[in-house]
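# Any chance you could fold what I've pasted below:
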Amino acid sequence: MYDRNNVFAKILRGEIPAFKVHEDEHTLAFMDAMPQSDGHTLVIPKVEATNLFDIEPEALGELIKATQRIARAVRQAFDAPGLRIIQFNGATAGQTVFHIHFHIVPCYEGVELRHHSRDWADKEVLAEHAERIKRALAELDR
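Residues are numbered from 1 along each chain as shown. Just a heads-up that it's a prediction; the model follows:
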């Protein structure tokens, strides 16, 4: 059962603020508030779906397209030689927010990722990171 009170549903409704980097009729992308790496971005669909097994194929297609586009921008904005694209299904697999989403996590040689869901990022830093990604998206769209 989909929980309409999960944090991402609240972000979609505008009840909780987020540092948005992209929004269209199908998806929303925003900065992870507890990032594992600078530039850690989340991409979510605007449909109610708990995980990969609940989402309609058409909505999943839109989510994947948006994830690829945002990942390109994150890679460019943070000059990341590698990216982790992560999607969890179920609590046992590590899912903590039960609205399907993809994590885009920049990775660098010799730099360990921070632990997720531990420390809140500075809001000014998140805002600056969101702007970097928006600029990269604008460059990619030219």
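# what residue ranges in the chain score low on pLDDT?
Applying pLDDT under 70 to the predicted model, the residue ranges of the chain that meet it are 117.
# ok, what's across the strand from the most centrally placed residue in the chain?
Most central in the chain under C-alpha atoms, centre = their mean is residue 42, positioned 0.5 Å from the mean C-alpha point. With DSSP bridges applied, residue 42 shows beta-bridge pairing to residue 30, residue 103.
# Could you pull up the residues touching it?
Under the criterion of C-beta atoms under 8 Å, 6 or more residues apart in numbering, the neighbours of residue 42 are 8, 29, 30, 31, 32, 101, 102, 103, 104. Just so you know, the C-beta spots here come from the backbone N, C-alpha and C atoms, and that holds for glycine as well.
# if we take those, which one ends up nearest to residue 122?
Nearest to residue 122, judged by C-beta to C-beta, of these is residue 31 at 11.1 Å.
# and the closest one, how many neighbours does it have?
If you count neighbours by other C-beta atoms under 10 Å, residue 31 ends up with 23.
# ok, for it, nearest residue in space, not its chain neighbours?
residue 19 (4.1 Å; C-beta to C-beta, 6 or more residues apart in numbering).
# Surely the one you found and residue 129 touch.
Yes: applying C-beta atoms under 8 Å as the test, residue 19 and residue 129 come out as touching, 7.4 Å apart.
# what do those two both touch?
Listed contacts common to residue 19 and residue 129 are residue 31; contacts here mean C-beta under 8 Å, 6+ apart.
# residue ranges for the strands of the protein, please.
If you assign secondary structure with DSSP state E, the strands in the chain sit at 20-23, 27-31, 41-45, 82-86, 102-107.
# if we compare the ones you listed, which one ends up closest to residue 3?
If we rank the strands of the chain by C-beta to C-beta, the stretch that ends up nearest is strand 41-45, at 14.0 Å.
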